[in-house]
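*Asks:* just a sequence and a predicted model for now, questions to come.
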Amino acid sequence: MRVLLSFLLLLFLVLASSAIRSSSSPVTDPFLGISPQDEKYYKSSSEIKCKDGSKRFTRAQLNDDFCDCADGTDEPGTSACPNGKFHCRNAGHSPLVLFSSRVNDGICDCCDGSDEYDGKVACSNTCWEAGKAARENLKKKIQTYNQGVVIRRKEIEQAKVGLDKDEAELKKLKIEQKILKGLVQQLKDRKEQIEKIEEKERLEKEKEEKERKEAEEAAQPGKGDGEEKTDGNEKVEGSTDGGEMPGVSQDDEILDENEHHDETGRYKDLDTDEESAAEAEPTSVLEEGTHNNPADQHVVETKEESPSSEDLIITAGSQHDGSTKKEESDEEEDIVSEKKEALSKEELGRLVASRWTGENSDKPSEADDSPKADEHENLEHTPTSPQEVEEDDGFVSDGDEETGDDGKYSDREPEDDTYEEEYRHDSTSSYKSDAEDDLDLSETTSSPTWLEKIQKTVKNILQAVNLFQTTPVDKSEADRVRKEYDESSSKLKKIQSRVSSLEKKLKQDFGPEKEFYSFHGRCFESKQGKYTYKVCAYKEATQEEGYSKTQLGGWEKFENSYQFMTYTNGDKCWNGPDRSLKIKLRCGLKNELMDVDEPSRCEYAAVLSTPARCLEDKLKELQEKLEKLMNQDQPQKHDEL
Amino acid sequence: MRSLLFTLSLLCFASQTSLSWKKEEFRSCDQTPFCKRARSRSPGACSLIATDVTIADGDLVAKLTPKDNDDQINPLVLSLSVYGDGIVRLRIDEDHSLNPPKKRFRVPDVVVPELEEKKIRLEKFATENDPPSSVVYVSDGYEAVVRHEPFEVYVRERSGDRRRVVSLNSHGLFDFEQLGKKGEGDDWEEKFRTHTDSRPFGSQSISFDVSFYESSFVYGIPEHATSFALKPTKGPGVEESAEPYRLFNLDVFEYEHESPFGLYGSIPFMVSHGGTGKSSGFFWLNAAEMQIDVLAEGWDAESGGGESRIDTLWMSEAGIVDTFFFAGPEPKDVVRQYASVTGTSAMPQLFATGYHQCRWNYKDEEDVAQVDSKFDEHDIPYDVLWLDIEHTDGKRYFTWDSALFPNPEEMQKKLDAKGRRMVTIVDPHIKRDDSYFLHKEATEMGYYVKDSSGKDFDGWCWPGSSSYIDMLSPEIREWWGGRFSYKNYVGSTPSLYIWNDMNEPSVFNGPEVTMPRDALHVGGVEHREVHNAYGYYFHMATSDGLVMRGEGKDRPFVLSRAIFPGTQRYGAIWTGDNTAEWEHLRVSIPMLLTLGLTGITFSGADIGGFFGNPEPELLVRWYQVGAYYPFFRGHAHHDTKRREPWLFGERNTELMRDAIHTRYTLLPYFYTLFREANVTGVPVLRPLWMEFPQDEATFSNDEAFMVGNGLLVQGVYTKGTTHASVYLPGKESWYDLRNGKTYVGGKTHKMDAPEESIPAFQRAGTIIPRKDRFRRSSFQMDNDPYTLVIALNSSQEADGELYIDDGKSFEFKRGAYIHRRFVFSNGVLTSKNVAPPEASLSSQCLIDRIILLGHSSGPNSALVEPLNQKAEIEMGPLRMGGLVASSGTNVLTIRKPGVRVDQDWTIKIL
């Protein structure tokens, strides 16, 4: 029955649309292109106002294929007005509003074909099929949302639990940290005490020994004098070391510092003795007064390394020609171009190509299809290529520009260290990047007695040590103190690190309902071609190919009310921006990274499906939409029958 | 300290792009022996005299010998030909009967065969005695004179004061180095950086002076990124270090915007213009490296000043003297005369005059589909989507990257369904890969350029090791053209067109990033002799290939970067790899004006600038100016951020959409202008003085330009500007394109230049046809009605033209077109047929809106004849583009006159 119904409906629609088709311009239906809600506006009177209030037009001027209103009010059903909008009803599917530029342009835009009525093109009515497909899709989407919303709710609950746990742990750790700190301090004090005593004992021993020796030597005259003298000499030297010298060197440093200020382009490297030989040159370069980029250092060095007479002539020539505003980058390129002189033809070709491409002219794609070229592509000739410098020499060359990029890297390094540490500790899933459950810590935290144990031990030790405060130190007791001190302070360090990592975690933005809590410490991977993309929430995103790893960016933030995750300040791109990644989040039942792309050079984009984005509001919206679509169909079916 | 340094290094990085032109990689005149020699010669050094003057084969011929031939130098042969319409051709070559070591290269296939039809076969010449000269009559009141001792050639007016127009060797700087035979111990090599030029025939350069009389400025000789009126390069007031204008086709990485340095193309054609309103021209057909000095007044102590004469020095490394003198006298006469020698520009397909969207690179089919749909989503029309080198399989042209473009035909068909075309790139360097069919075939057939030792020349370009097709040979060009057949170019469809890049040719590891001068072409022609024309022949071969592909029914579209005289016959060109800077936007106008003046009207600069990231304001302004470029394409380097018009926020999208809409609205006008250029050689984009030859205030204005005779456009070239000074020439008024506001002519006006638009005006006395409806592409505009905008002059008159054809085929050559002339006079608008009677094309298209600017208000109806119907006249909006002018700018509008565009009719204002 239902099949029959739809068949009849289809038949009707085909007939209806062919009726429309046969009609031609001018418009037969005076109200063509007007949305049902808007019909009143047009039907209310015989003189109609342009919606922008600029003018009035008569009923005859409505859809007469001549634009009267600048805003297109009078031509909803034709292409006459540039700013007009055409409404197609699309019975069986959802209505659509088109730019009037689409009306009678020979392309079927509305599934009911109502936008093409001048007879030049025959549009079949595809609304029923399209509508059906759209409804199916919508249903599927709703289904996903239905399930996703549940998962999301669970996630939120778990996040609460997790957060509570984290907070509790943090609180506990803080207390433990405080206690332990005290213990460690006590142990330290005691250790120092012991060491003082030991030192005293040692000195006494030495003294005794000395006296003993002196006594012996007194028996053999002449020898003791000399030794005393040397002793004295040593003392003098020592005092100069500690007194005058430091002062001098400090002055030096200040001077150097000033020099740096003056010459802006000079670096600590120059302070070292090895570099001082080269100082004359850079100064002369600097005297040109135009070179204030860190890479000058590099320039000078390279010049020294390429002493070919031809090069020199060319360099001289290029300095002569009065191009006073030569920029650093230019200089650098000069070096490159001078090096050109020494390049083979092929190297020269690659080098020049690299200006446009920003990479070795043998791109990966080429390398793939010509293994021969690959063989040529060894590293010998590439150091002049910017790409090479960027990829393999990045840190070295940045090191040259110490002051410039130093900060950036030194900022990152300690972090990297902790990451690595955490990775090492990570024994669980590869998804986890954070060592949330640091093994040692979990051990310590899980057993409530560990702190008490330590406390007890310390107490014992302290008491024990107290006993022999004045008596000679018992070697084994002293070792015990030391050992205990080492152990507890390393434990303290662990706790401190855990505390700071917890504090950091709790400061993160987990979303309005903490629905992104579970993202913390997780990475999502996607393999595309030869690359593996790895996105670690709240941390970093990378692109890996074999053993080489490129940082696409460090975690920045959520954007557009949690529709996007952004990673910025990734590895530098030659002639491009620093790499960055923007991930669109959408509702899905699993956390899944996909569609990684690079729409602009070094600006990456990806999609991550996640239950965290299955919002209840959105579900409601979708359901309403579906309802509307279903309802819209119902009455029509009745009408037609 | 740290932050200071960091900032500094950032600054340096930021400015890197603007200053990375590698000056030292290119030869200066001083490093170019022939240029250095020629420049150091002193006036009067030439001792050649003309003897044995006679008429032979319709030409005046003579021998040029040194006055005291102690050096035993062979005499040269001079021949002078005269063509109708004020054209004189002067050729000087070695005497072939004296068996020179080889024949010097004469550039073939540039001068159009039709020129011969205009030749006036000389039968006699007159002689004058003071000084001894031979005189021949040229048409139109001019005559050509060969003075014998020392030899000098010039064109002068026949009557009155017999004023000189153009002359050669008036200052005795002529020099012609004859080919040598290399003997033992001769060291003729020239070295530049690591490259050695073997120069087997020694020095063979030619140089001479050319003078233009009654001239304030000289123009032309592209391609340089510099001012339109050429600045002097030598003489008083010019820096000692100044370089001559160099004509040597080069692939220059990040070129500068103010430099006489040679770029991608060379057209040795110079036009002069002076206060008397007269122009003249001089063209040297020569494909070797050329250097041209514009000499500052007083450069030669001998010559007195005050003559308003401009002297120039022309130097070429090789070839022969094959020069043309154009007598003018009007600027449009000069360009027409030049066009009758090298041809007029090809009639483009309609789609090619729309907007082109390009990027290095649209990555894959999905990217293409995405960009295409975004244009629709934002209601921005465009006609062509472009694919750069990455679409190929490893830079093997005529192939597709099978991973990124698995279904190229389907992709093109999808675009075609919306009336849109695709362009793919095909360069002249062929990857040396034995498994590549093209390389295999070219190798087997011996179709590559050879190196000096006779082996296939092997240079480096995008694909790595590459060889270059020898385009000098007609046979090889024919073969190359065949590569574009649908069968040979797998994955191509009829909606695919071609882009020829890197055809200078660019050779990454060659001297000055091009081919060594001693490389060999067919017939033993040295590359030095043919260099500047290499890209031209390549362009020609590709263009002819597309004609073959379409069985002669489809007009080709091929964009080329390299240019040479004649390029206009084969397609569009663009100004190469510019930069996203305001100054590059500014210099695009003098560059395009120069190209138009020298025949190549279908030209444009990359919108937005190829290198770097334009700030949104620059990009918007660039679209606003670019909408009036004859060739309108956005393009960007692959290191740049995406910059399609919808990526900069709603407001900027709106502004860019509006700029593009403006272009589409004016397409009927542009198309009519392209036809005018196709017939007469008068460019679409014109300097103001071409329309107002007497107005000296326009002579060095290269910030404003005319589109046809009816529109004046003033670009905005500075950041944050909302005001502009615009000089409006002539005695008649100008109407603001946006709001119809009237401005008087002959005055500089200060006016608003809001972000919505750049100043643009319709000239009183003109009629401009438009199509006001917006579509996805020009294809869908076919049936849309026309709007006529009539701008009345002080005598309430105006006229204008409209040309229509099928927009794609060659049928227009057989008369299938509509050409109407609209004249408004005495309150009556008349549509007249100006096509020949046999012309036949019909169109259902109506004119549905006629806007009258400058008409006294009052009439409320019009009588349409022969329909004998009345049409309403009311106040309507003067719409231009999508942004509607503010209210209160309603103009007199004839509503729905219902007249057809292909018929005669009159409309009388009642």
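*Replies:* Okay, I see it. Numbering: from 1, shown residues only, chains lettered A, B, ... in the order given.

*Asks:* tell me, how many residues neighbour the residue of chain B found nearest chain A?
*Replies:* In chain B, the residue that lies nearest chain A is B:Trp460 (2.1 Å; C-beta to the nearest C-beta). Heads up, the C-betas are built off the backbone N, CA and C, glycines and all. B:Trp460 has 25 neighbouring residues, counting by other C-beta atoms under 10 Å in any protein chain shown.

*Asks:* ditto for A:Trp450
*Replies:* The number of residues packed near A:Trp450 is 14, by other C-beta under 10 Å.

*Asks:* residues contacting B:Phe564?
*Replies:* Listed by C-beta atoms under 8 Å, 6 or more residues apart in numbering or on different chains, the contact set of B:Phe564 reads B:110, B:249, B:265-267, B:287, B:532-533, B:535-536.

*Asks:* ok but the residue of chain B closest to chain A is inside a strand, no?
*Replies:* Yes - counting by DSSP: H, G, I helix; E, B strand; the rest coil, B:Trp460 is located in a strand.

*Asks:* find the nearest non-adjacent residue to it, please.
*Replies:* Excluding its sequence neighbours, the residue lying closest to B:Trp460 (C-beta to C-beta, 6 or more residues apart in numbering or on different chains) is A:Gly349, at 2.1 Å.

*Asks:* my read is that the one you found contacts B:Val513, right?
*Replies:* No - using C-beta atoms under 8 Å, A:Gly349 is not in contact with B:Val513, being 9.6 Å away.

*Asks:* what touches both of these two?
*Replies:* Common neighbours of A:Gly349 and B:Val513 (criterion: C-beta under 8 Å, 6+ apart): B:Val507.

*Asks:* what sits opposite the residue of chain B closest to chain A in the beta ladder?
*Replies:* Beta bridges link B:Trp460 to B:Ser465, judged by DSSP bridges.

*Asks:* now do it, the pLDDT please.
*Replies:* For B:Trp460, the pLDDT comes out at 96.

*Asks:* isn't it right up against A:Glu347?
*Replies:* No - B:Trp460 is not in contact with A:Glu347 according to C-beta under 8 Å; the separation is 9.0 Å.

*Asks:* quick check: neighbours shared by the two?
*Replies:* In contact with both B:Trp460 and A:Glu347: B:Asn509, using C-beta under 8 Å, 6+ apart.

*Asks:* how about the nearest residue to B:Val507, chain neighbours excluded?
*Replies:* B:Gly459 (3.8 Å).

*Asks:* now the strands for chain A?
*Replies:* For chain A, the strands defined by DSSP state E cover A:47-49, A:56-58, A:85-88, A:96-99, A:523-528, A:531-536, A:540-545, A:548-559, A:564-569, A:580-587, A:592-600, A:603-610.

*Asks:* select, out of these, the one closest to B:Ser216.
*Replies:* Nearest of the strands of chain A to B:Ser216, taken as C-beta to C-beta: strand A:592-600 at 47.6 Å.

*Asks:* what's in contact with the closest one?
*Replies:* By C-beta under 8 Å, 6+ apart, strand A:592-600 touches A:524-526, A:528, A:531, A:533, A:535, A:583, A:604-610, B:363, B:367, B:640-642.

*Asks:* could you do stretch A:601-608 as well?
*Replies:* Residues contacting stretch A:601-608 (C-beta under 8 Å, 6+ apart): A:358, A:524, A:526, A:533, A:535, A:541, A:543, A:552-553, A:565, A:570, A:573, A:576-586, A:591-599, B:638-642.

*Asks:* quick check: domain ranges of chain B?
*Replies:* Domain ranges of chain B: B:34-182+B:190-221+B:267-342, B:350-683, B:688-909, per the TED database.

*Asks:* pull the contacting residues for B:Asn790.
*Replies:* Not Asn; residue B:790 is Ile. Residues counted as contacts of B:Ile790 (C-beta under 8 Å, 6+ apart) are B:767, B:798, B:800, B:822, B:824, B:829, B:850-853, B:855.

*Asks:* now B:Ser198
*Replies:* Going by C-beta under 8 Å, 6+ apart, B:Ser198 touches B:188-189, B:452, B:518.

*Asks:* can I get the residues you listed in CSV with pLDDT and distance to B:His439?
*Replies:* As requested, those are exported to CSV (pLDDT from 0 to 100; distance: C-beta to C-beta, whole Å):
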residue, pLDDT, distance to B:His439
B:Trp188, 87, 34
B:Glu189, 90, 31
B:Ser452, 95, 21
B:Asp518, 96, 23
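
*Asks:* what's B:Thr276 in contact with, if anything?
*Replies:* Applying C-beta under 8 Å, 6+ apart to B:Thr276 gives the contacts B:Glu214.
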